[in-house]
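**Student:** structural data only, the sequence is not supplied:
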Ligand SMILES: Cc1cc2nc3c(=O)[nH]c(=O)nc-3n(C[C@H](O)[C@H](O)[C@H](O)COP(=O)(O)OP(=O)(O)OC[C@H]3O[C@@H](n4cnc5c(N)ncnc54)[C@H](O)[C@@H]3O)c2cc1C
């Protein structure tokens, strides 16, 4: 028997999930005073960027020569906030690309401050566990506060699913979400960790190729047993800490049996990685392992089936759309566990993502945002990075705000008007 929920909260807009996409969506949605709730199951915002310790904002700059900035809007607001905390290094050039590097702890604090300042009703440690639908409309979600155990219902007029896993689409109809590529194969996950007492000046000169060579040497010496033969390190602002991403874990976190195994295996691999870094990698001689990500870094999970599916060809051809809401330029970076290889497919053109990729088939008052939009598995390998995720979040939040203001459904919103509004509010779409 279903329990009757005494408490219910009515709002204009519910944002489900407080990763970078959900945070961007919440800020854009609340801009003109709409009642916006952001529900996040963990105790802090940032999602993969904070709980997965992945805090380098990739995809904010073109991969083409000149490496011009291609993501603005929310990215700029966040960068300005992080600068106040000394938590960001902007436009850092590495061997193959230019990125913004953030401290994950400060990123979480900056997101808290932004939500509070812009009137978003933040519900942390709040997990969406169920949803009810009326025809093609989301009616309500049931949430549980994971600290107190209290449950309540949230009844939004419109919602943005930024859960990273197409949760609402799956709850409405499992067939309206899709996972992985051919045969549902998912990219490898990674347990990321942080090391302190790093000599940042020397560590930042270490290239991916050098790490590859050092890993091969360490394997011959019996110091490395993990399957992954490559890795990446990022020196954080402050110059004495680094984030390390150097293992692969096979785990599908939608399967309960994979969750605990994935986390435990990930921590074991992080320990071995950290020993390797201290012994072999310049700048890490005195480093200490200061933090292992509380969550396993899941590169690929479910995404919606939507009004348009962005394809690998759209990216390689650099296609542009009338209803574009974000530019993209990151290569299709595919971590193939089964074949034990890291694939980078570079395009010689920037591409764009159309608004239609945010419109889930079968749900009329919901938009998707972030990595769970409608794309092919290979296109996902590019759109999943945080630059586009933030721009997509901003677009979804702006779209639901415009819909509330004019009393229309997301599918009725004029994509060109949305594009113009986004440009007026700082997005880069030229
Ligand atoms: C190992 C690894 C390395 C990466 N490296 C980089 C990198 O260097 N640079 C880069 O730009 N990108 C990188 N990425 C990709 C990038 O971090 C993510 O794709 C991106 O952060 C996704 O953002 P999001 O907001 O769409 O989703 P997420 O970050 O997944 O956020 C979704 C949020 O929804 C919440 N949620 C889920 N279910 C519920 C529920 N039922 N109720 C309430 N809340 C819920 C989650 O707790 C989470 O906070 C990496 C990814 C991984 C895994």
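**Tutor:** Sure, I can see it. All figures in this text were calculated on a predicted structure; none of them were measured in a lab.
**Student:** got the residues of the stretch 301-430 of the chain near the ligand?
**Tutor:** 370, 371, 384, 385, 386, 389 (Cβ under 6 Å from any ligand atom). Glycine gets a C-beta too; all of them are placed from N, C-alpha and C.
**Student:** neighbours of the fifth one, how many?
**Tutor:** Summarising burial for residue 386: neighbours were counted as other Cβ atoms under 10 Å, giving 32.
**Student:** ok, now the fourth one?
**Tutor:** Residue 385: 23 surrounding residues under other Cβ under 10 Å.
**Student:** was I right about it contacting residue 63?
**Tutor:** No. Using Cβ atoms under 8 Å, residue 385 is not in contact with residue 63; the gap is 10.9 Å.
**Student:** which residues are common contacts for the two?
**Tutor:** residue 330 (Cβ atoms under 8 Å, 6 or more residues apart in numbering).
**Student:** where does the chain have low pLDDT?
**Tutor:** 1-6 (pLDDT under 70).
**Student:** can you list the buried residues in the longest strand anywhere in it?
**Tutor:** Looking across the chain with DSSP state E, the single longest strand is strand 151-161. Buried residues in strand 151-161, defined by neighbour count with 16 or more other Cβ atoms under 10 Å: 151, 152, 153, 154, 156, 157, 158, 159, 160, 161.
**Student:** stretch 334-345 now?
**Tutor:** 334, 335, 337, 342.
**Student:** give me the contacts around it.
**Tutor:** By Cβ under 8 Å, 6+ apart, stretch 334-345 touches 185-188, 190, 227-230, 248, 250, 299, 312, 316, 331-333, 378, 381.
**Student:** what about the strands in the stretch 101-250 of the chain?
**Tutor:** 121-123, 126-134, 137-145, 151-161, 177-179, 193-196, 232-235, 242-245 (DSSP state E, counting those that start in this stretch).
**Student:** hey, which of those is tucked in deepest?
**Tutor:** strand 242-245 (a mean of 25; mean count of other Cβ atoms under 10 Å).
**Student:** hmm, that one in reach of the ligand?
**Tutor:** Yes. For strand 242-245, a contact with the ligand is found by Cβ under 6 Å from any ligand atom, at residue 245.
**Student:** before we move on, back to that, what's the longest strand of the chain packed up against?
**Tutor:** strand 8-16, helix 20-29, strand 36-39, strand 137-145, helix 167-172, strand 366-368, helix 386-406 (3 or more Cβ pairs under 8 Å, 6 or more residues apart in numbering; DSSP states H and E).
**Student:** returning to that earlier point: go through the residues of the stretch 301-430 of the chain next to the ligand and name the one nearest residue 291.
**Tutor:** residue 386 (19.4 Å; Cβ to Cβ).
**Student:** surely that closest one and residue 57 touch.
**Tutor:** Yes. Between residue 386 and residue 57 there is a contact under Cβ under 8 Å: 4.7 Å.
**Student:** which residues do these two both contact?
**Tutor:** 20, 49.
**Student:** returning to that earlier point: tell me the one of the buried residues of stretch 334-345 nearest the ligand?
**Tutor:** Ranked by distance to the ligand (Cβ to the nearest ligand atom), those are led by residue 335 at 8.0 Å.
**Student:** hang on, that closest one in a strand?
**Tutor:** Yes. Judged by DSSP: H, G, I helix; E, B strand; the rest coil, residue 335 forms part of a strand.
**Student:** returning to that earlier point: the longest strand of the chain vs the ligand: in contact?
**Tutor:** No. Counting by Cβ under 6 Å from any ligand atom, no contacts exist between strand 151-161 and the ligand, the nearest distance being 9.0 Å.
**Student:** between the two ends of stretch 238-247, what distance do you get?
**Tutor:** This stretch, stretch 238-247, spans 25 Å end to end (Cα to Cα, to the nearest Å).
**Student:** same check on stretch 118-131?
**Tutor:** Per Cα to Cα, the first residue of stretch 118-131 is 27 Å away from its last.
**Student:** give me the residues contacting that stretch.
**Tutor:** With Cβ under 8 Å, 6+ apart as the criterion, stretch 118-131 contacts 11, 15-16, 18, 26-27, 29-31, 33, 35-45, 112, 115-116, 138-147, 163, 167-168, 171-172.
**Student:** just the buried residues from the residues you listed, in PyMOL please.
**Tutor:** In PyMOL, a selection of the buried entries from the contacts of stretch 118-131 looks like this (16+ other Cβ under 10 Å):
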select buried, resi 11+15+16+18+26+27+29+30+31+35+36+37+38+39+40+41+42+44+45+112+115+138+140+141+142+143+144+145+163+167+168+171+172
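**Student:** which of the contacts of stretch 118-131 are close to the ligand?
**Tutor:** 16, 18, 39, 40, 41, 42, 163, 167.
**Student:** which of these sit farthest apart?
**Tutor:** 42 and 167 (14.3 Å).
**Student:** give me the neighbour count for the closest residue to residue 430 other than its chain neighbours.
**Tutor:** Distances taken as Cβ to Cβ, 6 or more residues apart in numbering place residue 423 nearest to residue 430, at 7.8 Å, with adjacent residues excluded. Residues lying near residue 423 (other Cβ under 10 Å) number 14.
**Student:** does the helix ranked longest in the chain reach the ligand?
**Tutor:** Longest helix of the chain, by residue count under DSSP state H: helix 256-280. No. Applying Cβ under 6 Å from any ligand atom, one finds helix 256-280 separated from the ligand by no less than 9.8 Å.
**Student:** against which helices or strands is that helix packed?
**Tutor:** Counting by 3+ Cβ pairs under 8 Å, 6+ apart, helix 256-280 packs on strand 193-196, helix 208-220, strand 242-245, strand 288-292.
**Student:** report the buried residues of that helix.
**Tutor:** Quick answer for helix 256-280 (16+ other Cβ under 10 Å): 258, 262-263, 265-267, 269-270, 272-274, 276-277, 280.
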